[in-house]
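1. What follows is a protein structure lacking sequence information:
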């Protein structure tokens, strides 16, 4: 069985791999920033402001609605990432095929 040696420096410098990294970064960085801001906004707002303590629907306050929205946001981001990860996986597979084809 022949062992493949891969020149990872060349593979990392390839245009297809650089495009994959660019697209992943363009998706992951804004989503991470959004998640962190949304996540930490609740404790910050409840610490310094009182408007979240006002009733939204009966005895349920805006703080509870915000907290429940965080669960919905987490599920939504997970679903979005799962779908996007399929695209990233296809791009990575294409990079591997392209690089292996160039090695032969």
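-> Structure's in. What do you need? As the structure is a computational prediction, the values presented were derived from the model and not from experiment.
2. roughly how far apart are residue 47 and residue 85?
-> 35 Å (CB to CB, to the nearest Å). Quick note: C-beta positions are derived from backbone N, CA and C, even for glycine.
3. name the helices or strands packed onto the top helix by length along the chain?
-> Counting residues, the longest helix found in the chain (DSSP state H) is helix 62-103. Secondary-structure packing of helix 62-103 (3 or more CB pairs under 8 Å, 6 or more residues apart in numbering; DSSP states H and E): helix 8-13, helix 15-48, strand 55-57.
4. Just send the ones you listed back as a markdown table, with distance to residue 90 too.
-> Shown next, in a markdown table, are these (distance: least, CB to CB, whole Å):
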| stretch | distance to residue 90 |
| --- | --- |
| helix 8-13 | 17 |
| helix 15-48 | 10 |
| strand 55-57 | 43 |
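5. what about the closest residue to residue 51 other than its chain neighbours, neighbour count?
-> Sequence neighbours aside, residue 62 is the residue nearest to residue 51 in space, at 6.8 Å (criterion: CB to CB, 6 or more residues apart in numbering). Using other CB atoms under 10 Å, residue 62 has 16 neighbouring residues.
6. Next up, the contacts around residue 62.
-> 51, 52, 53, 54, 56 (CB atoms under 8 Å, 6 or more residues apart in numbering).
7. quick one: buried residues of stretch 71-83?
-> Of the residues in stretch 71-83, none count as buried by neighbour count, 16 or more other CB atoms under 10 Å.
8. Let me see the confidence value for the most centrally placed residue in the chain.
-> Closest to where the C-alpha atoms of the chain average out (CA atoms, centre = their mean) is residue 28, at 3.8 Å. Looking at residue 28, its pLDDT stands at 95.
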